[in-house]
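Participant: Using only what follows, build the 3D model:
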Amino acid sequence: MWMVGPNVQRLVQSVFAPVIELLAPQRCGICDCEGALLCQACRDLWIPTRPELVPATGLRAAAALGPYEGGLGAAIRTAKYGGVPGLARELGAALRPAITRVTRSTPFQATLVPIPTDKSRVHERGFDHALLMAEAAGLACEAPVVQLLVRTRPTAPLH
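Facilitator: As a prediction, this is how the structure comes out:
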């Protein structure tokens with residue numbers, strides 16, 4: 001019997017992720033039901049339409065899509081580690097209410113700046129989830145996305 005190591009599995013998964021995404025039925029990144037990358041029931045339960053402002057030292061205002069625990073965290077992990085770039089785009093677009101909440105009282109246009117993902121992880125996954133989320137959020141909010149930050153050294157995974 002031939003065994004495939006985790007690195008080979010990730011490589012194959014990242015190479016074929018776009019093809020699989022097109023051919024396979026979409027499954028919810030939270031409850032795994034078939035039909036959508038984020039089903040309506042999970043959207044209603046985990047994606048708030050009125051995000052609350054959160055405290056942020058040194059910032060005028062900050063808002064979050066929601067807590068990482070629970071369904072939202074499951075969706076993020078599915079997007080990152082499950083090879084589902086479309087789900088990263090869905091989550092990015094879902095950031096619109098949070099971004100709108102923060103920027104509605106600012107006298108300037110917001111610019112979205114994704115945190116750079118380690119190049120080895122981008123290579124393993126086949127996509128940069130943070131950049132995909134930022135680009136989708138930028139489209140949803142009509143805000144520019146600019147890669148201003150540079151990763152200077154590899155770091156341990158944050159999950």
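
Participant: contacts, neighbours, all on C-alpha from now
Facilitator: Noted.

Participant: Quick one: neighbours of residue 142, just the number.
Facilitator: Counted with other C-alpha atoms under 10 Å, the neighbours of residue 142 add up to 14.

Participant: Now the phi/psi pair for it, please.
Facilitator: Recorded main-chain torsions at residue 142 are phi 60, psi 40, according to degrees, to the nearest 10.

Participant: Also residue 112?
Facilitator: Main-chain torsions, residue 112, degrees, to the nearest 10: phi -90, psi 130.

Participant: From the centroid of this structure, which residue is nearest?
Facilitator: Residue closest to the mean C-alpha point of the chain, counted by C-alpha atoms, centre = their mean, is residue 88 at 3.7 Å.

Participant: Now for that residue: which residues touch it?
Facilitator: 76, 79, 80, 129, 130, 132, 133 (C-alpha atoms under 8 Å, 6 or more residues apart in numbering).

Participant: So the last one sits against residue 86, correct?
Facilitator: I take that to be residue 133. No - Residue 133 is beyond contact range of residue 86, at 9.4 Å (criterion: C-alpha atoms under 8 Å).

Participant: Those two: which is more packed in?
Facilitator: Set side by side, residue 133 and residue 86 give different neighbour counts by other C-alpha under 10 Å, the larger being at residue 133 (23 against 20).
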